[in-house]
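>>> Generate a structure from the sequence data that follows.
(2 chains)
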Amino acid sequence: MNPLTSVKGMRDILPPSSAVWNQVEAAARRIFARFNYREIRTPILEETALFARGVGEETDIVSKEMYTFEDRDGTSLTLRPENTASVLRAYIQQRLDQEPGVHKLYYIGPMFRRERPQKGRYRQFYQIGAEAIGSDSPAIDAEVIQMVLAILDEVGIAGYKLLINSVGSKESRARYNEILREALREAAPQMCGDCRRRAETNPLRVLDCKVPEDQPIIEKLPSILDSLDESDREHFRRVREFLDDLGIRYTVNPRLVRGLDYYARTTFEVTHGALGAQNAILGGGRYDGLAEILGSKVPAPGIGFSIGEDRLVMTAEEAQAMTPAVLDLYVAPMGEAALRHALVLATEIRKTGISVEVSTDRKLKRMLEIANKTGARYTLIIGDNEIASQSYTLKNMATGEQTSATRQKLLEHTQWLK
RNA sequence: GCGGCUGUAGCUCAGCUGGUAGUAGCGCCAGAUUGUGGUUCUGGAUGUCGAGGGUUCGAAUCCCUCCAGCCGCCCCA
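Predicted structure coming up:
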């Protein structure tokens, strides 16, 4: 029988990579705290109807990528493919609209989409996201964008590119769809096969086409920005103005259309060259009207983003932006008595806040080898001599220098651990 | 869901047009040193050659199917 393996597209995250994940998450949490965003944890499993209505029946996500199954009572359940619908559901269900102020929430966790796996795309993938619910002020849009860029900076990512656009209200978007469809009746026959198909099924996606020959044709298609109504236009103008005030550099890309049905007005995306075909490291946008779609009687305009954590970690690892975990002290006890002594001593030293591992190997040579390979900064040798003299041998692994140290000195680690 | 490429030791890979796998590099283990690592030297272990089936006297090598990974499409984070 073959050994069991993980499910296709789902992977194990092992050390030392797991440390990078933790550092990325810690960096994000620091930034969220500075912007007064609080964590929300929603269930990984929701009723299928939530995503069908919230994300949109016609989207690829809902129509072909969800992990859906029947619960024992016949209810259709789905492993969340994204988290905005869940957060909005919680907002409505928990009546957060009855509390004052804008709700600023963040989440970190796994999402599930049954797509073909490739670099930067997994069936279980992780998102770090945030939602600001309860305001349609363009200042919130700018702040959300500023915050997500601050996370990238905190993680140590450079060389990314911010793209922004406005897809307008639901009404202007529908109007634009018609205009585009009309224009494509002329243009599509000269375009690639995919575009000819998209001209019928999803005209907005034509704008995303990467076939070089199609680019001149796409340039000439009407821009969505010309279809915006006066209030959308003003909203977008003010978002840009705020971004300018904040010194944030961006490119307006009228062809940036996002795949989820709920986006309205501001949309944005950050790409990074190191990622390959899946070059979007994060995406987001405003979703005024989503609450009503989910059955809320009160409107709850909002904007949010989600970062592809897998992609962020990949970029951080390539940029070597994170520092590996180090072991401060490796304790090498020789013999049974020394081991008993070491366990007690290690307990005391750990209380001072440094990392300590006690070896269970027997030979000193072996123990030093392990200390070296694990990258321990110091090794503490405990043998009969040391127990008798109440003075241990402390070895600096980088220099090889050995000094003797009493229990008291070890506990005051600032003396020796630089 | 579609297309292309790849799949030999823990990792990176060699193995020409079929003759039953490599003193390969790195890593791992042991010894040179029964209380001293990183350098060096010596020795050692490890493969159902991704899985299954077929062709053949004989398959890692050719054919088919499946699986996995990568790349691209679709789409997205």
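
>>> ok, the helix or strand of chain A with the lowest mean pLDDT near RNA strand B or not?
In chain A, no helix or strand scores lower on mean pLDDT, DSSP states H and E than helix A:193-201, which sits at a mean of 73. Yes. For helix A:193-201, a contact with RNA strand B is found by Cβ under 7 Å from any atom of the strand, at A:194, A:198. The C-beta positions use only the backbone N, C-alpha and C, and glycine is treated the same way.

>>> Point out where chain A drops to low pLDDT.
Counting by pLDDT under 70, the ranges of chain A that qualify are A:1-3, A:210-212, A:259, A:276-278.

>>> about what we covered before: elements contacting the least confident helix or strand of chain A?
With contacts taken as 3 or more Cβ pairs under 8 Å, 6 or more residues apart in numbering; DSSP states H and E, helix A:193-201 sits against helix A:170-187, helix A:203-206.

>>> how about 6 Å then?
Judged by 3 or more Cβ pairs under 6 Å, 6 or more residues apart in numbering; DSSP states H and E, helix A:193-201 is in contact with helix A:203-206.

>>> from the chain's centre, how far out does the helix or strand following the helix it packs on sit?
Sequence-wise, the next helix or strand downstream of helix A:203-206 (DSSP states H and E) is helix A:215-220. Once both centres are worked out by Cα atoms, centre = their mean, to the nearest Å, helix A:215-220 turns out to sit 33 Å from its chain's centre.

>>> List the buried residues of the least confident helix or strand of chain A.
A:195, A:198-199 (16 or more other Cβ atoms under 10 Å).

>>> Closest to RNA strand B out of those?
Nearest to RNA strand B among these, counting by Cβ to the nearest atom of the strand, is A:Arg198 at 5.6 Å.

>>> residue contacts, that closest one?
A:Arg198 sits next to A:205-206 when contact means Cβ atoms under 6 Å, 6 or more residues apart in numbering.

>>> about what we covered before: quick one: the least confident helix or strand of chain A to helix A:170-187, angle?
130 degrees (axes from the mean of the first three to the mean of the last three Cα atoms, to 10 degrees).

>>> returning to what we had before: need the buried residues of helix A:193-201 in a markdown table (columns: distance to A:Pro100).
Shown next, in a markdown table, are the buried residues of helix A:193-201 (distance: Cβ to Cβ, whole Å):
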| residue | distance to A:Pro100 |
| --- | --- |
| A:Cys195 | 49 |
| A:Arg198 | 45 |
| A:Ala199 | 47 |
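
>>> Just name the closest of those residues to A:Leu417, please.
Nearest to A:Leu417, judged by Cβ to Cβ, of those is A:Arg198 at 61.1 Å.

>>> Can you pull the phi/psi pair for the residue in the stretch 51-200 of chain A positioned nearest to RNA strand B?
Residue nearest to RNA strand B within the stretch 51-200 of chain A (Cβ to the nearest atom of the strand): A:Lys119, separated by 2.5 Å. The phi/psi pair for A:Lys119 (degrees, to the nearest 10) reads phi -50, psi 130.

>>> Please apply the same query to A:Gly273.
Per degrees, to the nearest 10, the backbone of A:Gly273 is at phi -60, psi -30.

>>> what's the helix or strand for the residue nearest to A:Gly56 when sequence neighbours are not counted?
Nearest residue to A:Gly56 in three dimensions, chain neighbours excluded: A:Asp261, at 2.9 Å (Cβ to Cβ, 6 or more residues apart in numbering). Assessed by DSSP H and E, A:Asp261 sits outside every helix and strand.

>>> how much space is there between A:Asp261 and RNA strand B?
Note on A:Asp261: its distance to RNA strand B, by Cβ to the nearest atom of the strand, to the nearest Å, is 9 Å.

>>> just checking, that residue touches A:Arg53?
No. A:Asp261 is not in contact with A:Arg53 according to Cβ atoms under 6 Å; the separation is 9.6 Å.

>>> List the contacts of A:Val239.
A:Val239 makes contacts with A:138, A:141-142, A:266, as judged by Cβ under 6 Å, 6+ apart.

>>> Could you double-check that A:Ala280 lies in contact with A:Glu269?
Yes. Using Cβ under 6 Å, A:Ala280 is in contact with A:Glu269, at 5.4 Å.

>>> out of those two, which sits in the more crowded spot?
A count of neighbours by other Cβ atoms under 10 Å puts A:Glu269 above the other of A:Ala280 and A:Glu269, at 20 against 16.

>>> Are the helix or strand hosting that one and RNA strand B in contact anywhere?
A:Glu269 is part of strand A:266-272 when elements are defined by DSSP H and E. Yes. Strand A:266-272 is in contact with RNA strand B by Cβ under 7 Å from any atom of the strand, via A:Glu269.

>>> need the residues of the stretch 51-200 of chain A near RNA strand B, please.
Contacts of the stretch 51-200 of chain A with RNA strand B, taken as Cβ under 7 Å from any atom of the strand, map to A:59-61, A:82, A:113, A:115-122, A:125, A:127, A:194, A:198.
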